[in-house]
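Visitor: Below: sequence and its predicted model.
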Amino acid sequence: MELIWQGIVKAVELVFGGDSEVWAITWLSLKISASATLISLLLGIPLGILLALSRFPGRAIAVALVNTGMGLPPVVVGLFISILLWRSGPLGFLELIYTPSAMIIAQVVIAFPIVAGLTMASFQSLDPNLALQLLGIGASKLQALWLLCKEARLPLLAAVMAGFGGVISEVGASMMVGGNIRAQTRVLTTATVLETSKGNFDIAIALGLILLALCFALNFLLTHIQQRGQMKWPRLS
Amino acid sequence: MRRLNTVVLCLAAAFSSFSALKLASGAEPKDRNVILSTTTSTQDSGLLDVLVPLFEKQTGYTVKTISVGTGQALALAAKGDADVALVHAPSLEKQYVAEGKLLNRRLVMYNDFVIIGPRNDPAKIKSAKTASAALRQIEQSKSRFVSRGDNSGTHNLEKTLWKEAGIEPKGAWYIEAGQGMGATLGIANERNAYTITDRGTYLALGSRITLPILGEGDRALLNIYSVMEVNPANGPRINTAGGKAFADFMVAPQTQSVIKNFGVEKFSQPLFVPVAGKREEELGV
């Protein structure tokens, strides 16, 4: 227990003592995972909408693939992205291995099925008649889609949170494709692993606490936005 | 309120796309990057945190240090996925050099391995004459032993010692950790088991490890680090000049004196003995 207390003290020291390395690591984690989440949204939301609203041959397989992808083990993603990006691999010419870009790619592969799956679920939970009504009152297809998006925005925010939460906290893929290089690709999770193996448990706990605080702050912000929207409904009780 | 939400989301989106662009364009010119594949012990001991910035300052190269077990470090280099290797498994290294995958093997430094274990020493290895005799006693008494089990330099040394003892270790007493030195020491400490560790990592972990040193001083426990350059024929895009610059740096007199003094301040004894230019046979404990 004393160790956890030491860790909390250390976390306060690191955060407020102006340790620039910890700040840089935190900032890099945030940049990489935010970028990956954004790209996942750009890819995942259209795919989710497509799977929810249209019917085409092979759709059942696509849905099953997306649902499986929601639980992709990060370490497996890391292995395959590494094999692709190694200099000896097919995409080696891009020279991306051990860079933040490689970590973003791996995190997109992890997060985008989560976003697609949750988007699909949120559109399927809308009243199917809504689309018909919108078209019926003369909305164009694009306008109808936009209105549906607005209607589904609360579950869509949940997709953002789940995607971001999945990638900021994963360690396997970041370690493999990023290499945990100091001042280049070291993020909160990989630094925690390293400090643990070095036996610096107090610093490891401190980094873990910073990660938790970061996740909490972002989720608090998004939940706040989400629940604001929710308040407009009349109270049922 | 809804408008504010939209503004917040747009700002978040703009911010992250901006940083994605910046990250993508922030890469340095490619030939300024040197990929160093090395072992966990050079990183966990903190030595590279001192040497790498020094090298970068002297040469202008940026080093990407990949710390993995020696087995993987050598395999990465042999595939051409690294430019230079700094590892500690002489028998494995010589195989790679003989195959022509790695070039110009040069000794850099050494320290030694020690056998640590429970304070009451149930296998009585303190009186053992050699390291392999100590392992034989551990096996005979079925005392718990934690192996790295990850084909690292330390694991390779351990395998060599078992072979010398004529034993193939298996059973409930033989625990394969599959992790780095620091984590393995932690497991041995928690399970009150024997293990083999390099002295540097053992010292670096300090009071966290309560198991005492029970076996040391055998010549077979020498832990020799060498640097090797990667054969440019191993694959495309190998930074031969950068790799050679790092290898030269490791054996340069100035670097060797930094290695000599590393750890003295913190542990009141050096963690490594610099040996550039010497031959293996000349080394002693």
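Guide: That came in fine, so what should we check first?
Visitor: tell me which parts of chain A are close to chain B?
Guide: A:31-32, A:34-35, A:37-39, A:86-88, A:92-93, A:95, A:97-101, A:104, A:179-182, A:184, A:194, A:196-199, A:201, A:221, A:225, A:228-229 (Cβ under 8 Å from any Cβ of the partner chain). C-beta: built from backbone N, CA, C; applies to glycine.
Visitor: swap the cut-off to 7 Å and go again
Guide: A:31, A:34-35, A:38, A:86-88, A:92, A:95, A:98-101, A:104, A:179, A:181, A:184, A:197-199, A:225, A:228 (Cβ under 7 Å from any Cβ of the partner chain).
Visitor: Check these for burial and list the buried ones.
Guide: A:31, A:34-35, A:38, A:86-88, A:92, A:95, A:98-101, A:104, A:179, A:181, A:184, A:197-199, A:225 (16 or more other Cβ atoms under 10 Å in any protein chain shown).
Visitor: Sort out which of those are in helices and list them.
Guide: Counted as lying in helices by DSSP state H, out of those, are A:Lys31, A:Ala34, A:Ser35, A:Leu38, A:Pro100, A:Ser101, A:Ile104, A:Ser197, A:Ile225.
Visitor: so residue 63 is in which element?
Guide: Looking at chain A here, since you left the chain open. With secondary structure defined by DSSP states H and E, A:Val63 is part of helix A:59-69.
Visitor: meant chain B actually
Guide: Judged by DSSP H and E, B:Val63 forms part of strand B:62-67.
Visitor: And the contacts of that strand?
Guide: A:98, A:179, A:181, A:184, B:28, B:32-40, B:43, B:48, B:52, B:55-56, B:76, B:82 (Cβ atoms under 7 Å, 6 or more residues apart in numbering or on different chains).
Visitor: for chain A, which spans come out with low pLDDT?
Guide: A:229-237 (pLDDT under 70).
Visitor: tell me the centre residue of chain A?
Guide: Centroid-nearest residue in chain A, with Cα atoms, centre = their mean: A:Phe164, separated by 2.4 Å.
Visitor: Now that that residue has come up, it's in contact with A:Ile39, right?
Guide: No - at 11.8 Å, A:Phe164 does not count as touching A:Ile39 under the criterion of Cβ atoms under 7 Å.
Visitor: Could you list the residues of the stretch 101-250 of chain B in contact with chain A?
Guide: B:Gly180, B:Gly182, B:Ala183, B:Leu205, B:Arg208, B:Gly235, B:Pro236, B:Arg237.
Visitor: Just name the closest of those to B:Trp173, please.
Guide: B:Ala183 (19.5 Å; Cβ to Cβ).
Visitor: Name the helix or strand for that closest one, please.
Guide: Going by DSSP H and E, B:Ala183 is part of helix B:181-191.
Visitor: tell me the mean pLDDT over that helix?
Guide: Average pLDDT, helix B:181-191: 90.
Visitor: thinking again about what came up before, pick out the most distant pair among the ones in helices among the buried ones among the residues of chain A next to chain B.
Guide: A:Ser197 and A:Ile225 (38.8 Å).
Visitor: Contacts for the helix holding A:Val63, please.
Guide: Contacts of helix A:59-69 (Cβ under 7 Å, 6+ apart): A:Leu51, A:Pro113, A:Ala116, A:Gly117, A:Met120.
Visitor: Now for the fourth one: which residues touch it?
Guide: Think A:Gly117. A:Gly48, A:Val66, A:Asn67, A:Met70.
Visitor: Let me have those in a markdown table, adding neighbour count as columns.
Guide: Below are those laid out as a markdown table (neighbours: other Cβ atoms under 10 Å in any protein chain shown):
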| residue | neighbour count |
| --- | --- |
| A:Gly48 | 27 |
| A:Val66 | 22 |
| A:Asn67 | 14 |
| A:Met70 | 19 |
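Visitor: any idea which of these is closest to chain B?
Guide: A:Gly48 (17.4 Å; Cβ to the nearest Cβ).
Visitor: Where does the stretch 151-285 of chain B get nearest to chain A, residue-wise?
Guide: B:Gly182 (3.6 Å).
Visitor: residue ranges for the helices of the chain, please.
Guide: Chain wasn't specified; assuming chain A. Under DSSP H, chain A gives helices at A:2-16, A:20-53, A:59-69, A:74-85, A:100-124, A:128-136, A:141-151, A:153-168, A:172-173, A:188-197, A:201-230.
Visitor: Switch to chain B, please.
Guide: Using DSSP H, helices in chain B cover B:2-25, B:40-44, B:47-59, B:70-78, B:90-98, B:131-140, B:153-165, B:181-191, B:199-205, B:240-251, B:253-261, B:264-267.
Visitor: what about the last one, average pLDDT?
Guide: In this model, helix B:264-267 has an average pLDDT of 85.
Visitor: got it, and the fourth one?
Guide: The average pLDDT for helix B:70-78 rounds to 92.
Visitor: What is the distance between that helix and the centre of its chain?
Guide: 11 Å (Cα atoms, centre = their mean, to the nearest Å).
Visitor: could you dump it to PDB, C-alpha only?
Guide: Provided in PDB are the C-alpha atoms of helix B:70-78 (Å, rounded to 0.1, in the frame of the first residue of the first chain):
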ATOM      1  CA  THR B  70      19.300 -10.500 -27.900                       C
ATOM      2  CA  GLY B  71      17.700 -13.200 -30.000                       C
ATOM      3  CA  GLN B  72      15.200 -10.800 -31.500                       C
ATOM      4  CA  ALA B  73      17.800  -8.000 -31.700                       C
ATOM      5  CA  LEU B  74      20.100 -10.200 -33.900                       C
ATOM      6  CA  ALA B  75      17.200 -11.400 -36.000                       C
ATOM      7  CA  LEU B  76      16.000  -7.900 -36.700                       C
ATOM      8  CA  ALA B  77      19.500  -6.900 -37.800                       C
ATOM      9  CA  ALA B  78      19.900 -10.000 -39.900                       C
END
